[in-house]
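*Asks:* Build me a structure from this.
(chains A and B)
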Amino acid sequence: MIEVEELHKTYRGGRGLRGFSFLLESNELVGLVGPNGAGKTTLIKILATLIPATSGKARVGGHDVAADPRSVRAVVGYLPDIAGIYQDLRVREFLEFFADAFRLKEPKRSAAIQRALELSGLQDRTDEYVENLSLGWKQRLLLAKTLLHEPKVLLLDEPATGLDPLARISLREQLKRLHSDGVAILISSHILTDLEDMCTRILFIADGKNVSEPSAQALPAGTTEARIHCEIGFQGSPELADQAVGNIPGARVLERKDGFLLVEIPGGAAEASALLRAIVNSGMVVEHFDARGPGLEERYRRAFGERLS
Amino acid sequence: MRRFITNPMINKELRQRLRERRAWLLPTLYLLILSGTVSFAYYLTTEAEMRSQREVQGADIGLAIFFTVVFTQIIALLLMAPVFSAGSITIEKEQRTLTGLLTSLLSVTQIWWGKFVTALLYLLLLLLSALPMLALSFAFGGVEPLQLIRATGSTVLVLAAICCVGLWCSATFRRSIHSTAACYGIVLVLSVVTAVVFGILVSHWSSNHLLLRSEGPPAYVQAPMFLNPLYPLLSMVDDAEFGQFVYPTSSWMLFTAMGCLAAAFAMRRLKRGGDQL
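*Replies:* Below you'll find the model as predicted:
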């Protein structure tokens, strides 16, 4: 859905993009992560046809952003980090204006506005002035406006900025729903827990370039060893379970309840599989096994640790 | 063509503009100023004619009212045009709403057209509201309908050109205060500097052409005045002093060209508007 190849953007100040490339498939919800000034906003602005790239290729929904910006806009929904909103319009007027701006004709127009009102939860406040809405409601209205023309791709630049926890949760749920409806989403955010919860993949960017994640085996000296947490629900003797865990070098039990163990093991998926094998071989019945790799914070530290220090 | 008439920008802009407090405050102020100047012109004309012990002629009063209204309104509207045009795109930048427009399916031309029509429509509303006062001059006589059409047409043309210049400033600058100041600067140059340059040229010319003085300065001496917003109206005054201004067409053409150029530059700047966001 999005193809970016060796994208460069040069500003007078020097920052921008320096050969960033990536591919986003239609069924993906990809998080874009990097330090401030890494080029996240520049990349999203180029994809949204707001600024031209200095060189390189960018295609969205099969359309070239430089050669055919109009077609790109028709398939893209873009929500910037600090999105402006017409405070002196009523909620319905605001949506009607953007429905017209996206050339929606009746009856599609009315249906889109109704859908947007339902999506934002503002059906009962259509005559209220936008300026009277709280920040959370405004953000919901903005997202609803972004979705009016049913875009195939969503570009979101720090959409949770300034939102309270409840509004953030609501936004996250909305994005998950949109993703399950088949909308491809590229989201830039500094809130790693949110990204971890909803993204199917994370892209790291720094200094306008792709940053590859160092593998667990190639961790720099002094960096914490990668570990994985395994939740195990089982039927059988706890002693047997302990014994099985003991067979995995470096494993330690973090939590023990009736029929449940939380185990931390060094390494990655291979080590988690070895643990599962050991438990099954010990004759226990496994009801539930959930192995989670290193958290996004840990991965972020690995990718940008040296830069931060 | 239909796209420009049913432009959603126009609906939105008009709605927003008419919700502002100044939407009703300005016409009130404008009409008060006009009424004051018309009353003053009436008083001056009748007083002068009575003092010279002449019979007060209705046509003289009619003409005095007509030109007072025409000149007062163009000066007042020239002062207002930058307020309505020079801030209209910068406010979208300041409120960060321009992003939404530029990433929608609205073309840059539609965005510009919406802004232009709204700015001009408001000025036309003020112009229309002064029509009853202009009609007073018909009651007294001395004014032909063609003069009214010509004066109104010239005023609209000049205001449209100034609105285009204001929109160009608005597309170029990031802040309303800067674009409004720049637009006022341009209006000042057009109104005052052209007159000063013309004054210098005309004094230089008359000192060299004593015999030709009565015929008035030639076109090349008057050229700076073609860009003066008052020139098309001055050319209507049948007076010994102003009768020399006989090239209104040149002035109309220059204002049209200025407006078209400013519009083209504004749209070009808007296309690169993403850089300013």
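*Asks:* helix/strand/coil for residue A:150?
*Replies:* Local secondary structure at residue A:150 is given as coil here, using DSSP: H, G, I helix; E, B strand; the rest coil.
*Asks:* Does it touch residue A:108 like I think?
*Replies:* No: when contacts are counted by CB atoms under 8 Å, residue A:150 is not listed as touching residue A:108 (9.2 Å). (Each C-beta comes from the backbone N, C-alpha and C, glycine too.)
*Asks:* how near is residue A:96 to residue A:89?
*Replies:* When CB to CB, to the nearest Å is the yardstick, residue A:96 and residue A:89 sit 9 Å from each other.
*Asks:* Kindly apply the preceding question to residue A:233 instead.
*Replies:* Per CB to CB, residue A:233 is found 53 Å from residue A:89.
*Asks:* where in the stretch 201-309 of chain A is pLDDT low?
*Replies:* A:213-226, A:293-295, A:298, A:302, A:305-309 (pLDDT under 70).
*Asks:* Residue in it with the shortest distance to chain B?
*Replies:* Going by CB to the nearest CB, chain B is nearest to residue A:208 of the stretch 201-309 of chain A, at 17.0 Å.
*Asks:* and the closest residue to residue B:96 other than its chain neighbours, what does it touch?
*Replies:* Using CB to CB, 6 or more residues apart in numbering or on different chains and skipping residues adjacent in sequence, the residue nearest residue B:96 is residue A:84, 3.2 Å away. With contacts defined as CB atoms under 8 Å, 6 or more residues apart in numbering or on different chains, residue A:84 is in contact with B:92, B:95, B:96, B:97, B:98, B:99, B:100.
*Asks:* Next one, pLDDT for the first one please.
*Replies:* The confidence metric pLDDT takes the value 92 at residue B:92.
*Asks:* Same check on the second one?
*Replies:* At residue B:95, the model reports a pLDDT of 90.
*Asks:* What helices and strands are in contact with the top helix by length along chain B?
*Replies:* As far as residue count goes, and with DSSP state H defining each element, the longest helix of chain B is helix B:22-51. Secondary structure elements in contact with helix B:22-51, counted by 3 or more CB pairs under 8 Å, 6 or more residues apart in numbering or on different chains; DSSP states H and E, are helix B:58-85, helix B:108-129, helix B:131-140.
*Asks:* and the longest one, does that touch chain A?
*Replies:* No: shown here: helix B:58-85 not in contact with chain A (CB under 8 Å from any CB of the partner chain), separated by at least 15.9 Å.
*Asks:* Name the residues of that helix that come out as buried.
*Replies:* Buried positions in helix B:58-85, judged by neighbour count with 16 or more other CB atoms under 10 Å in any protein chain shown: B:60-74, B:76-78, B:80-85.
*Asks:* With stretch B:119-128 instead?
*Replies:* B:119, B:120, B:122, B:123, B:124, B:126, B:127.
*Asks:* what does the average pLDDT come to for the helix ranked longest in chain A?
*Replies:* If each helix of chain A is counted by residues according to DSSP H, the longest one is helix A:165-180. Along helix A:165-180, the predicted confidence averages to a pLDDT of 85.
*Asks:* how distant is it from the center of its chain?
*Replies:* 11 Å (CA atoms, centre = their mean, to the nearest Å).
*Asks:* Dump that helix to CSV, keeping only the CA atoms.
*Replies:* Taking only C-alpha atoms (Å, rounded to 0.1, in the frame of the first residue of the first chain), the coordinates of helix A:165-180 have been written out as CSV:
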residue,chain,number,x,y,z
PRO,A,165,-5.4,8.1,29.2
LEU,A,166,-9.1,7.4,28.4
ALA,A,167,-9.0,9.3,25.1
ARG,A,168,-5.8,7.5,24.3
ILE,A,169,-7.3,4.1,25.0
SER,A,170,-10.3,5.0,22.8
LEU,A,171,-8.1,6.1,20.0
ARG,A,172,-6.1,2.9,20.2
GLU,A,173,-9.3,0.9,20.1
GLN,A,174,-10.5,2.9,17.0
LEU,A,175,-7.2,2.3,15.2
LYS,A,176,-7.3,-1.4,16.0
ARG,A,177,-10.9,-1.6,14.6
LEU,A,178,-9.9,0.3,11.5
HIS,A,179,-6.9,-2.0,11.0
SER,A,180,-9.2,-5.1,11.3
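*Asks:* Around chain B, pick out the residues from the stretch 1-150 of chain A.
*Replies:* Close to chain B, as judged by CB under 8 Å from any CB, the stretch 1-150 of chain A has residues A:45, A:48-51, A:70, A:73-74, A:76, A:78, A:80, A:82-89, A:93, A:97-98, A:100-103, A:145, A:149.
*Asks:* Need the buried ones from those selected in PyMOL.
*Replies:* For anyone working in PyMOL, the buried entries among those, judged by 16+ other CB under 10 Å, can be selected with:
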select buried, chain A and resi 45+48+49+50+51+73+74+76+78+80+83+84+85+86+89+93+97+98+100+101+102+145+149
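*Asks:* among the residues of the stretch 1-150 of chain A next to chain B, which are in helices?
*Replies:* Among those, the members found in helices (DSSP H) are A:45, A:70, A:73, A:74, A:93, A:97, A:98, A:100, A:101, A:145.
*Asks:* before we move on, back to that, in the longest helix of chain B, what's buried?
*Replies:* Of the residues in helix B:22-51, B:26, B:27, B:30, B:34, B:37, B:38, B:41, B:42, B:45, B:49 count as buried by neighbour count, 16+ other CB under 10 Å.
*Asks:* Equivalent analysis for stretch A:174-184, please.
*Replies:* Going by neighbour count (16+ other CB under 10 Å), the buried part of stretch A:174-184 is A:174, A:175, A:178, A:179, A:183, A:184.
*Asks:* Can you give the contact residues for that stretch?
*Replies:* Outside stretch A:174-184, the residues that touch it by CB under 8 Å, 6+ apart are A:1-2, A:24-29, A:119, A:140, A:143, A:147, A:151-154, A:156, A:185, A:187, A:198, A:200.
*Asks:* let's see it at 7 Å
*Replies:* When contacts are defined by CB atoms under 7 Å, 6 or more residues apart in numbering or on different chains, stretch A:174-184 is touched by residues A:1-2, A:24, A:26-29, A:143, A:151-154, A:185, A:198.
*Asks:* Using the three-state scheme, assign residue A:127.
*Replies:* Assigned with three-state DSSP, residue A:127 falls in the coil class.
*Asks:* Touching, it and residue A:90? I think so.
*Replies:* Yes: contact criterion CB atoms under 7 Å: residue A:127 and residue A:90 qualify, at 5.4 Å.
*Asks:* These two: which is more packed in?
*Replies:* Regarding residue A:127 and residue A:90, a neighbour count based on other CB atoms under 10 Å in any protein chain shown identifies residue A:90 as having more, with 17 against 9.
*Asks:* dump the residue contacts of the more buried one.
*Replies:* Taking CB under 7 Å, 6+ apart as the definition of contact, the neighbours of residue A:90 are A:126, A:127, A:128, A:129.
*Asks:* Now do the contacts for the residue nearest the centre of chain B.
*Replies:* Closest to where the C-alpha atoms of chain B average out (CA atoms, centre = their mean) is residue B:159, at 3.3 Å. Applying CB under 7 Å, 6+ apart, we find residue B:159 in contact with B:77, B:81, B:120, B:123.
*Asks:* Out of those residues, which is nearest to residue A:63?
*Replies:* Using CB to CB, the shortest approach to residue A:63 within these belongs to residue B:120, at 35.6 Å.
*Asks:* Just give the closest residue to that closest one, not the sequence neighbours.
*Replies:* Beyond its immediate neighbours in the sequence, the residue positioned closest to residue B:120 (CB to CB, 6+ apart) is residue B:163, lying 5.2 Å away.
*Asks:* which SSE is that neighbour in?
*Replies:* Following DSSP states H and E, one finds residue B:163 within helix B:145-172.
*Asks:* just how off-centre is that helix within its chain?
*Replies:* 5 Å.
*Asks:* Name the residues of the stretch 101-250 of chain B found near chain A, please.
*Replies:* Those residues of the stretch 101-250 of chain B that sit near chain A, judged by CB under 7 Å from any CB of the partner chain, are B:102, B:103, B:104, B:105, B:106.
*Asks:* ok, how many other residues are close to the residue lying closest to the first one once chain neighbours are set aside?
*Replies:* In other words, residue B:102. With CB to CB, 6+ apart as the criterion, residue B:102 has its nearest non-adjacent residue at 5.6 Å, and that residue is residue B:273. Using other CB under 10 Å, residue B:273 has 20 other residues around it.
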